[in-house]
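Student: No letters, just coordinates:
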Ligand code: HEC
Ligand code: HEC
């Protein structure tokens, strides 16, 4: 499956970076960016959490039959076609086959023009529930929401992460960058201290990765369930004895945008399996 952690687009990113100054203002074939300036690139080579995972964890992810995340994807496929709301509409009624969502997940979080705010994929799905289906939003972190999110993300398997950080997204990005560097909690540590400065070191028998999110929503063996990016952020906060923020909060969205940007070019693994 597409989650093997290899990074097919990296050579292209390297080339872009190398040509950086010469290319300013030029029209380049960056996916989704044609006609605009190439985006700012993250300052290092991103590596998927897959590369840091134990061989037995990777084996579960790679096995189409053993990967438990696939149950969420199957459930998502069913929900995609399940009618709801007064007009008995399903996702399929408007979007057609889910393949129409190819590449979409790789661009989230994104500004929703109607609410003029940054939303992540789960929130975007809920906007369709309320705005277009006329049904109640799914509770955040609920099985149906994560199933739909995993299913939509699956349509981008193998696609490079490419969030936008320009326009209205810019201030969210700046806030995310700030949060990433902010020392919090009793341990007084920031994300960057583990995921930039201690990459490859062991922490309580776990190898610290770059904290990338290209595998999310991911199946976490420790919980026996699929987890959103925000739930994973909470867990890192808890581990560092800091007060976690609410799932779906603006600050976690800002952080998610920054972390997604940091992983620009990493391919979407759907569904990834982590410890
Ligand atoms: C004290 C060290 C530490 C701090 C601080 C920390 N993390 Fe983590 N984080 C870990 C460890 C250990 C893991 C599990 C192993 C791994 O994937 O890196 C992890 C995992 C992750 C993952 C999952 C990566 C994957 O591929 O599954 C993400 C995302 C993440 N952290 C983001 C963050 C963010 C954002 C912050 C700041 C709010 C943060 N972490 C703070 C230690 C830390
Ligand atoms: C009545 C039509 C309708 C239904 C039903 C509907 N959507 Fe949408 N969806 C839209 C429209 C229109 C947009 C474009 C943004 C907007 O206007 O809200 C959209 C946008 C999206 C996007 C963002 C696409 C992007 O490129 O960023 C996602 C993801 C999505 N829908 C998922 C779903 C899911 C999952 C369901 C089922 C729960 C669903 N939609 C049901 C009409 C619909």
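Tutor: Okay, I see it. None of the values given here were measured: they were computed from a predicted structure. Ligands and ions are numbered 1, 2, ... in the order given.
Student: From now on I want contacts and neighbour counts done on CA atoms only, so please keep to that.
Tutor: Will do.
Student: Tell me where this structure has helices.
Tutor: 10-23, 55-62, 69-80, 91-95, 121-127, 143-154, 169-181, 191-195, 229-239, 250-262 (DSSP state H).
Student: Tabulate these in a markdown table, adding columns for mean neighbour count, distance to residue 202 and mean pLDDT.
Tutor: What follows is the helices of the chain, written out as a markdown table (neighbours: other C-alpha atoms under 10 Å; distance: least, C-alpha to C-alpha, whole Å; pLDDT from 0 to 100):
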| stretch | mean neighbour count | distance to residue 202 | mean pLDDT |
| --- | --- | --- | --- |
| helix 10-23 | 13 | 27 | 33 |
| helix 55-62 | 18 | 16 | 97 |
| helix 69-80 | 20 | 26 | 98 |
| helix 91-95 | 15 | 43 | 98 |
| helix 121-127 | 21 | 31 | 98 |
| helix 143-154 | 26 | 29 | 98 |
| helix 169-181 | 18 | 20 | 97 |
| helix 191-195 | 17 | 10 | 95 |
| helix 229-239 | 18 | 14 | 97 |
| helix 250-262 | 24 | 21 | 98 |
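Student: quick one: which of these is nearest ligand 2?
Tutor: helix 91-95 (3.3 Å; C-alpha to the nearest ligand atom).
Student: Residue 167 versus the closest residue in space to residue 219 that isn't next to it in sequence, what's the distance?
Tutor: Counting by C-alpha to C-alpha, 6 or more residues apart in numbering, residue 226 is the residue found nearest to residue 219 once chain neighbours are left out, at 4.1 Å. Using C-alpha to C-alpha, to the nearest Å, residue 226 is found at 32 Å from residue 167.
Student: Give me the distance between stretch 86-95 and the centre of its chain.
Tutor: On the basis of C-alpha atoms, centre = their mean, to the nearest Å, stretch 86-95 sits 25 Å off its chain's mean C-alpha point.
Student: Oh, that last question was meant for stretch 246-259, not what I typed.
Tutor: For stretch 246-259, the distance to the chain centre is 11 Å (C-alpha atoms, centre = their mean).
Student: From the rest of the structure, what touches that stretch?
Tutor: 108-110, 118-120, 123, 140-141, 163, 165, 172-177, 179-180, 211-213, 229-231, 233-234, 245 (C-alpha atoms under 8 Å, 6 or more residues apart in numbering).
Student: so how many other residues sit close to the residue nearest to residue 93 when sequence neighbours are not counted?
Tutor: Nearest residue to residue 93, sequence neighbours excluded (C-alpha to C-alpha, 6+ apart): residue 81, at 7.7 Å. Neighbours of residue 81 under the rule other C-alpha atoms under 10 Å: 16.
Student: hang on, residue 81 packs against residue 88?
Tutor: No. Using C-alpha atoms under 8 Å, residue 81 makes no contact with residue 88, being 10.5 Å away.
Student: any idea how far the closest residue to residue 155 other than its chain neighbours is from ligand 2?
Tutor: With C-alpha to C-alpha, 6+ apart as the criterion, residue 155 has its nearest non-adjacent residue at 4.7 Å, and that residue is residue 102. Applying C-alpha to the nearest ligand atom, to the nearest Å, the value for residue 102 to ligand 2 is 9 Å.
Student: Show the backbone phi and psi for residue 102.
Tutor: phi -60, psi 130 (degrees, to the nearest 10).
Student: Now do the same contact list for it.
Tutor: Contact analysis of residue 102 by C-alpha under 8 Å, 6+ apart lists 152, 155, 156.
Student: Can you pull the residues of the chain lying near ligand 1?
Tutor: 49, 180, 189-191, 194, 203, 206-213, 232-233, 236-237, 240, 274 (C-alpha under 6 Å from any ligand atom).
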